[in-house]
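>>> sequence unavailable; structure follows:
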């Protein structure tokens, strides 16, 4: 996994990527339906945290984080019309 400093992102991509914008829109809607699972996506996808680290931050178990992550990925893939990996 490649981690990028947020301040460096405009330099790497001066134009907003269509996928990133669609993902942001989907996550906004998802957060209304499933706020805890959306937080897991934030911490895993954007924060780069492991399941164990997310569990610690959210004061829950890694098992719940894993379940939330799987649910969120499936929901977002369906919403975005994609199939993909973690």
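Done, it's in. Please read all numbers here as calculations on a predicted model, not as lab measurements.
>>> for residue 38, which non-adjacent residue is closest in space?
Once flanking residues are discounted, residue 38 sits nearest to residue 31: 3.8 Å by CB to CB, 6 or more residues apart in numbering. (C-beta placed from N, C-alpha, C; glycine too.)
>>> can you count the residues close to that neighbour?
The local packing of residue 31 (other CB atoms under 10 Å) involves 15 other residues.
>>> quick check: phi and psi at it.
phi -60, psi -30 (degrees, to the nearest 10).
>>> and for the one 3 residues further on?
Backbone geometry at residue 34, expressed as degrees, to the nearest 10, gives phi -140, psi 80.
>>> how far away is it from residue 52?
Distance, residue 34 to residue 52, by CB to CB, to the nearest Å: 21 Å.
>>> neighbour count for those two, which is higher?
Neighbour count, other CB under 10 Å: between residue 34 and residue 52, residue 34 has more, with 16 against 12.
>>> tell me the predicted confidence for that one.
At residue 34, the predicted lDDT confidence score is 97.
>>> just give me the neighbour total for residue 54.
23.
>>> does it really touch residue 43, like I thought?
Yes: with contact defined as CB atoms under 8 Å, residue 54 reaches residue 43; the gap is 4.6 Å.
>>> all helices for the chain, in order.
Along the chain, counting by DSSP state H, helices occupy 9-12, 18-33, 35-41, 51-58, 62-80.
>>> so which elements touch the third one?
Contacting helix 35-41 under the criterion 3 or more CB pairs under 8 Å, 6 or more residues apart in numbering; DSSP states H and E are the following elements: helix 18-33, helix 51-58, helix 62-80.
>>> tell me how far that helix lies from the chain's centre.
8 Å (CA atoms, centre = their mean, to the nearest Å).
>>> buried ones in that helix, by neighbour count?
Under the neighbour-count criterion of 16 or more other CB atoms under 10 Å, helix 35-41 has 37, 38, 39, 40, 41 buried.
>>> where does the prediction get shaky in the protein?
1-16, 83-86 (pLDDT under 70).
>>> quick one: the most centrally placed residue in the chain from residue 73, how far?
Against the mean C-alpha coordinate of the chain, by CA atoms, centre = their mean, the closest residue is residue 41 at 2.9 Å. According to CB to CB, residue 41 stands 8 Å off from residue 73.
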